[in-house]
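how would this look folded up:
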Amino acid sequence: MQEQELKSIQLLATKIRRDVMQMLLPLGSGHLGGSYSIADLMALLYGKVLKVDPSNPRWEDRDRVVLSKGHAGPAWYAALAETGFFDRDMLMTLNQGHTDLPSHPDRLKTPGVDMTTGSLGQGCSTAAGIAYAQRLKGTDTYTYLIVGDGELNEGQCWEAFEFIAANRLNRCIVIIDDNKKQLDGYTKDVLNPFDISQKMRAFGFYTQTVNGQDVEALDAAITEAKHHEDSAVAIVMDTVKGAGVPYFEQLMSNHSPKFDAPAKAAAEEAIAQFTAIIEGSEA
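Just a heads-up that it's a prediction; the model follows:
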């Protein structure tokens, strides 16, 4: 990855984090933790990797994204807005009446959203179906399935993974956000997942584990996955919930924090810092 391209993607990740915070702060709470842990991934996908056309979101030959962990929709919306799928002003309608940006993604409402998600586990099945259909049609498109580590409590994920592996759907790139926390606490305490990478390998996936906050490492992993054509492929991202703002990284309730006085102050400071970085880069 060239230095300028790297800086551009990192700047997009900063914009995503700023936008998510600006969307959630007026609401008083929201899914910040899991949105921030995938911010770098979304910046890489929409800043470099995906074959998409923002002016034609339903372009038949586009790559597809399925955000199975649909509660992280704010990060997806920010990525879409910042890359031209719709006007950025629309972000501030998140969760409002008659909005086209509901709390969980809806393919019938939001330009660029390929699949409705939110009921955890179901995105895995729909992504498998999309990838299988694309193979039957003989296309060369990719489907990027983004799954949460807490979501892996759902048996439906593993049924879908078995289907993906059995059919060697190597153009369905499974990306697991291993941020080690879920709604009720740490994943190891709620329902110990043990070694997710080993489990994916046991299911028949060529599996890589990478730092999910390092866009260069993620880019290399996606490239490597695309070169692996004889089996299903998976990337396990080692991430931090709330990544990018120390206060929220350390907050135990960072899955969907409430913006009380300390959290509000931290959020406002983060917005100011993100804005300074963005304005400095664009000056």
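
give me the helices and strands touching the helix or strand hosting Val210, please.
Following DSSP states H and E, one finds Val210 within strand 205-211. For strand 205-211, the packing partners by 3 or more Cβ pairs under 8 Å, 6 or more residues apart in numbering; DSSP states H and E come out as helix 155-166, helix 196-202, helix 215-226, strand 232-238. (C-beta placed from N, C-alpha, C; glycine too.)

now those in CSV, please, with extra columns for distance to Ile271.
Listed next are the helices and strands packed on strand 205-211 as CSV, based on distance: least, Cβ to Cβ, whole Å:
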stretch, distance to Ile271
helix 155-166, 34
helix 196-202, 33
helix 215-226, 22
strand 232-238, 25
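
tell me which of those sits most buried.
Comparing those by mean neighbour count (mean count of other Cβ atoms under 10 Å), strand 232-238 comes out on top with a mean of 26.

CA atoms only for it, dumped as CSV, please.
Only the C-alpha atoms of strand 232-238 are listed here, as CSV (Å, rounded to 0.1, in the frame of the first residue of the first chain):
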residue,chain,number,x,y,z
ALA,A,232,-13.6,-21.0,2.2
VAL,A,233,-11.6,-18.1,3.7
ALA,A,234,-11.9,-16.2,7.0
ILE,A,235,-10.2,-13.3,8.7
VAL,A,236,-10.3,-13.0,12.5
MET,A,237,-9.7,-9.4,13.5
ASP,A,238,-8.1,-8.8,16.9
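
neighbouring strands for that strand, and are they parallel or not?
strand 172-178 (parallel), strand 205-211 (parallel) (DSSP bridges).

dump those strands to JSON lines, plus mean pLDDT.
Below are the strands paired with strand 232-238 laid out as JSON lines (pLDDT from 0 to 100):
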{"stretch": "strand 172-178", "mean pLDDT": "98"}
{"stretch": "strand 205-211", "mean pLDDT": "98"}
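
highest mean neighbour count out of these?
Of the strands paired with strand 232-238, strand 172-178 is the most buried (mean count of other Cβ under 10 Å), at a mean of 27.

and whichever helix or strand comes after that one, how far out from the chain's middle?
Per DSSP H and E, the first helix or strand lying C-terminal to strand 172-178 is strand 181-182. Centroid separation between strand 181-182 and its chain, computed with Cα atoms, centre = their mean, to the nearest Å, is 15 Å.

cool, and stretch 84-93?
18 Å.

list the buried residues in that stretch.
Phe85, Phe86, Met90, Leu91 (16 or more other Cβ atoms under 10 Å).

endpoints of it, how far apart?
Stretch 84-93 has an end-to-end distance of 17 Å (Cα to Cα, to the nearest Å).

what does it rub up against?
For stretch 84-93, contacts defined as Cβ atoms under 8 Å, 6 or more residues apart in numbering pick out 19, 22-23, 26, 54-55, 57, 77-78, 80-82, 99-101, 110-112.

need the pLDDT of the residue sitting nearest the centre point of the chain.
Residue closest to the average C-alpha location in the chain (Cα atoms, centre = their mean): Ile38, at 4.4 Å. pLDDT for Ile38: 98.

that one and Asp149 touch, don't they?
No. Using Cβ atoms under 8 Å, Ile38 is not in contact with Asp149, being 11.5 Å away.

overlap in contacts, those two.
Asp177.

low-confidence regions, the stretch 101-250 of the chain specifically.
Judged against pLDDT under 70, the stretch 101-250 of the chain has no low-scoring part.

can I get the strands paired with strand 232-238 in a markdown table with distance to Lys69?
As requested, the strands paired with strand 232-238 are arranged in a markdown table below (distance: least, Cβ to Cβ, whole Å):
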| stretch | distance to Lys69 |
| --- | --- |
| strand 172-178 | 7 |
| strand 205-211 | 18 |
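
so which of those strands gets nearest Gln122?
Between Gln122 and the strands paired with strand 232-238, the tightest spacing by Cβ to Cβ is seen for strand 172-178, at 14.7 Å.

pull the residues that contact that closest one.
Residues outside strand 172-178 that contact it (Cβ under 8 Å, 6+ apart) are 34, 37-38, 41, 69, 72, 124, 127-128, 130-131, 142-149, 152, 161, 164, 196, 200, 205, 212, 222, 225-226, 232-239.
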